[in-house]
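Trainee: Model the structure of this input:
(chains A and B)
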Amino acid sequence: MSGRRRLASLALHLALLAAAAATLFPLLWMVSASLMPAGETALGPRLVPSAPTLAHYRALLGRLHLLRSAANSAVLAVSVTAISLAVNSLAGYAFAKLRFAGRDALFRALLAAMVVPGQVAMLPLFLLLKSLGLVNSLWGVIVPGAASIFAIFLFRQYALSIPDSLLDAARVDGAGEARVYWSIALPACRPILVTLAVFTFMGTWNDFLWPLVVLSDADLQTLPVALANLAGEHVQDTELMMAGAVLTILPVVIVFVCLQRYYLRGLLGGAVKG
Amino acid sequence: MSVNRSPLAIGFAAPALALIAVFFALPVAASLLLSLTDFDIYAIGDPATLRFVGLANYAHLLRDPLFWTALANTATFVAVGGPLSIAVSLAAALAVHARLTRFRSVFRTVFFLPVVTTLVAVAVVWRVLYHPRVGVLNGALAALGIPPLDWLGDARLAMPALILMAVWKSFGFNMVIFLAGLQAIPERLYEAARIDGAGAAAQLRHVTLPALAPTLLFVAISTGIGSFQLFAEPYVMTAGGPSNRTLSIVLLMYREGFRWWNMGYAAAVAFVLFAILLAVTALLWRLRPREAGA
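Mentor: Numbers count the residues shown, from 1 in each chain, chains lettered A, B, ... in the order given. Down below sits the predicted model:
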């Protein structure tokens, strides 16, 4: 390496390290503040706890029903993910590999519908769910969240790459259509299923506006809604709030770090082919 | 084969299509009707009080100073935050992609991390970082000899503060899209440029940026659409204040619809948001680079 090149490399890496430190800082500070004794953040800008303590985590999980909210969030994220994988993979497979009247027109209509922001549907959807008795029920989040045009689209794009000969061979062997889907198509689409699972899980876990509207009962609140309420009520208890923020973020960060390959593929599949 | 033409075929798509029809298409259509009524808290108890009011909600909206404030605030967030976020994303992508860079995947993961975090949770964290007296941000400014700023309490600073947080939260997303675009540029284009005597800056200007144009279009549209839906940041960090300077369109819709139950009026707000998104998307789409033969 020439001297000039070495200098350029040094400058580039210093800039990258500075940017990485700035990016991580709010998250690291959150963890650090969650370990500070109560009231320490009110004394002035502090970076590290004087005497690290897990008291706030204990308080959150015991006294303030946050465990309940965490369970709600987990139940919602897992059920939406499971149902979404089932219905969207069936639809994506049908649009990719089966023929039925109006298929292509229907698919184009679905793609066009993606420009409609979800907020437009929200008010009548609330009234509809209210009349069905699904407001203040976890089903009020699960049912409207199950089908996703984006998920159908991603699955279809992937399923298009399955050779028709593979499916036909199974049909010749006497397999019914359901069997072809279950035993041939689904296993071939495993990677995109993982991608969709990660997307749906994280999207449902992080969602705020709809759970805020539909699940107002204290016992049914999700973690982000409970945290927003906590932040409204306990403005002084900064360290407690930081512990709540850590508990809210931790599951999605773990899922992402373990499965980021799948997550990023889904993101790029949507971007490049979309 | 004829089996896959059987009536069974649409049965595979039916569950998803039925859910989309009932829980998305139907409400969207109903929303348009709702916006033409005076649906309010009384109508929830007794639908008989519901009246058709034509375009009165839209007329009211155009005369409502709060709507114009929300529109102006949201437009600021989109017009300043969007390009800023895209510029940071592009710079990060170029730095991570650079030939000299080592540990690329580590940097990529770190820059992407804020994207996956829960917006509400990081908004709570940033609210503390922005605290005028004990916030770490003002602590850092003090170390540089800059007097403390009331980030979220000052009417001029609150929106810039939300934008700064939003850029931090979102730039990793577009960075990953740009990285994919950069990887797709054929190496021979750079070789040809070098043979023509192009330096690093000229290569960036004449090879990299033109090749990224289609990616940029996708990024601009998706960032624009996402930014117009600003909600959780002002909800958690400023409650729309100070003096409504961070009130966004979706926050206005939420308040009117779900706090005051003025659902007819809120539906009109939602439809105006939809119309704006359509217009912006169409405008950006018209600006798309046209390739020969494409």
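Trainee: what's the strand or helix carrying B:Ser31 packed up against?
Mentor: In this structure, B:Ser31 sits in helix B:26-34 according to DSSP states H and E. Under the contact definition 3 or more Cβ pairs under 8 Å, 6 or more residues apart in numbering or on different chains; DSSP states H and E, helix B:26-34 sits against helix A:118-131, helix B:263-286. No exception for glycine: its C-beta is placed from N, CA and C like everyone else's.
Trainee: Now tabulate the ones you listed in a markdown table and tack on mean neighbour count and mean pLDDT.
Mentor: Output for the helices and strands packed on helix B:26-34, formatted as a markdown table (neighbours: other Cβ atoms under 10 Å in any protein chain shown; pLDDT from 0 to 100):
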| stretch | mean neighbour count | mean pLDDT |
| --- | --- | --- |
| helix A:118-131 | 21 | 94 |
| helix B:263-286 | 20 | 93 |
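Trainee: Among these, which comes closest to B:Tyr42?
Mentor: Within those, the stretch nearest B:Tyr42 is helix B:263-286; the backing value is 11.1 Å (Cβ to Cβ).
Trainee: Does B:Leu164 lie in a helix or a strand, and which?
Mentor: B:Leu164 is located in helix B:158-183, with elements delineated by DSSP H and E.
Trainee: same for that helix, what does it pack against?
Mentor: Checked by 3+ Cβ pairs under 8 Å, 6+ apart, helix B:158-183 has helix A:3-34, helix A:238-273, helix B:82-97, helix B:104-116, helix B:119-129, helix B:213-228, helix B:232-237 packed alongside it.
Trainee: Which SSE is immediately downstream of the last one?
Mentor: Pointing back at helix B:232-237 there. Heading C-terminal from helix B:232-237, the first helix or strand you meet, by DSSP H and E, is helix B:249-254.
Trainee: In that following helix, which residues are buried?
Mentor: Neighbour-count burial for helix B:249-254 flags B:249-254 (criterion: 16 or more other Cβ atoms under 10 Å in any protein chain shown).
Trainee: helices or strands up against that helix?
Mentor: helix A:118-131, helix A:209-214, helix B:65-76, helix B:232-237, helix B:263-286.
Trainee: which outside residues touch that helix?
Mentor: With Cβ atoms under 8 Å, 6 or more residues apart in numbering or on different chains as the test, helix B:249-254 has contacts from A:119, A:122, A:209, A:213, B:66-67, B:70-71, B:74, B:228-231, B:234-235, B:240, B:266, B:269-270, B:272-273.
Trainee: CA atoms only for that helix - export them in CSV, please.
Mentor: Extracted in CSV, the C-alpha atoms of helix B:249-254 (Å, rounded to 0.1, in the frame of the first residue of the first chain):
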residue,chain,number,x,y,z
ILE,B,249,-51.3,14.8,9.5
VAL,B,250,-51.6,11.3,10.9
LEU,B,251,-51.5,12.6,14.5
LEU,B,252,-54.3,15.0,13.6
MET,B,253,-56.3,12.1,12.1
TYR,B,254,-55.7,10.0,15.2
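Trainee: so how far is that helix off the chain centroid?
Mentor: Chain-centre distance of helix B:249-254: 14 Å, with Cα atoms, centre = their mean, to the nearest Å.
Trainee: Same question for stretch A:243-260.
Mentor: From the chain centre to the centre of stretch A:243-260 is a distance of 11 Å (Cα atoms, centre = their mean).
Trainee: With that, I have no additional questions.
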